[in-house]
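**Student:** pasting a predicted model and its sequence here:
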Amino acid sequence: MTCSGVIAAAGFALTLAAGEPVVFATEAPFPPYSFVDAAGVITGFERDVGDEVCRRALLVCDWRNVQFDRLIPGVMTGEFDVVLGGLAVTPERMRLVDFTFAYNESSDTDVLYGHAGAPAPAQARVAVQSGTIQEAHARDMGWDLRPFGTPAEVLGAVASGAADLAFGAFESEIANLPDLLPLYEEDVPDMGTAMAVCRGNDALLQRLNAALGAMMEDGTIDEFTQRWL
């Protein structure tokens, strides 16, 4: 069933009454923001922010590690209650979901990686991760796209010669691929990163924003930023 404002608000009230968890979904091969540690636990900046929001909002939260392109569709259909993890706020996404306050800034400049001598983006086969703002930007630019589900698949396509350039935020992964170089830069503006809920789920959104607002005011977000970023 498609999540609606009325259904979402009612469902959230029932969730609280029953003591069932609020499902937080993120993509976790994205250090230091969200990744799985040696014990198999989702950790990082986003996990610390999410856990503290849950504590302050008196929510029992259940974390799920899913592929990035499932996040927004999943919260729209009610599969997840909250999605986060370097989730940039854009006008296009605001038409699909409701965002909390932005609690982290993101760079407007993204990098295209490739082997030395790779063609410019307009002439290249460009690998991107599905569902990202880089995919949307590349599509708007009319580039020859090669969408993949994970960062590892995007970079693997370039490493194997199936694509010429990898477009996205791959700073941590690229360290293990010395043959792939930062070749081009592209401006992809956004309005910071935030959590998202189903459109119209005002009951949940208000509780998340109240917790995030207090965390920004008392320096907790700054503390997490200094710890991880």
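**Tutor:** Structure received.
**Student:** how much space between Glu173 and Val154?
**Tutor:** As judged by Cβ to Cβ, to the nearest Å, Glu173 and Val154 stand 9 Å apart. In this view, the C-beta of every residue, glycine as well, is placed from N, C-alpha and C.
**Student:** of those two, who's got more company?
**Tutor:** A side-by-side neighbour count of Glu173 and Val154, using other Cβ atoms under 10 Å, places Val154 first with 29 against 20.
**Student:** assign a three-state SS to that one, would you?
**Tutor:** Following DSSP: H, G, I helix; E, B strand; the rest coil, we place Val154 in the helix state.
**Student:** isn't it up against Leu165?
**Tutor:** No. If you go by Cβ atoms under 8 Å, Val154 and Leu165 don't touch, sitting 9.8 Å apart.
**Student:** common neighbours of these two, please.
**Tutor:** Shared contacts of Val154 and Leu165, defined by Cβ atoms under 8 Å, 6 or more residues apart in numbering, are found at Ala127.
**Student:** report the beta-bridge partners for the spatially closest residue to Asp190 that is not a sequence neighbour.
**Tutor:** Spatial nearest neighbour of Asp190, chain neighbours left out: Ala88 (3.8 Å); criterion: Cβ to Cβ, 6 or more residues apart in numbering. Note on Ala88: beta-bridge partners by DSSP bridges are Thr193.
**Student:** and for Ala88, the neighbour number?
**Tutor:** 22.
**Student:** mind listing what's buried in the helix of greatest length in the chain?
**Tutor:** What stands out as the longest helix in the chain, according to DSSP state H, is helix 202-217. Judged by neighbour count using 16 or more other Cβ atoms under 10 Å, the buried positions of helix 202-217 are Ala203, Leu204, Leu205, Arg207, Leu208, Asn209, Ala211, Leu212, Met215.
**Student:** just flag the most distant two among the residues you listed.
**Tutor:** Greatest spatial distance in the buried residues of helix 202-217: Ala203 and Met215, 19.5 Å, computed using Cβ to Cβ.
**Student:** per-domain residue ranges of the chain.
**Tutor:** 5-105+191-228, 109-187 (automatic domain parsing).
**Student:** let me see the mean pLDDT of the last one.
**Tutor:** I take that to be domain 109-187. What domain 109-187 shows for mean pLDDT is 96.
**Student:** start and end of it, how far apart?
**Tutor:** 5 Å (Cα to Cα, to the nearest Å).
**Student:** where do the helices sit along the chain?
**Tutor:** Remark: helices assigned in the chain by DSSP H are 5-18, 45-57, 71-77, 91-94, 133-141, 151-160, 171-174, 202-217, 220-228.
**Student:** got CSV for those, with distance to Ala127 too?
**Tutor:** As requested, the helices of the chain are arranged in CSV below (distance: least, Cβ to Cβ, whole Å):
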stretch, distance to Ala127
helix 5-18, 35
helix 45-57, 24
helix 71-77, 20
helix 91-94, 21
helix 133-141, 10
helix 151-160, 4
helix 171-174, 13
helix 202-217, 34
helix 220-228, 27
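**Student:** which one of those has the poorest average confidence?
**Tutor:** helix 5-18 (a mean of 53).
**Student:** what's the closest of the buried residues of helix 202-217 to Thr150?
**Tutor:** For the buried residues of helix 202-217, the nearest to Thr150 is Leu208 (27.1 Å; Cβ to Cβ).
**Student:** gap between that closest one and Met195?
**Tutor:** Leu208 is 6 Å from Met195, by Cβ to Cβ.
**Student:** spit out the residues that contact the two alike.
**Tutor:** Taking Cβ under 8 Å, 6+ apart as the criterion, Leu208 and Met195 both touch Val53, Val82, Thr100.
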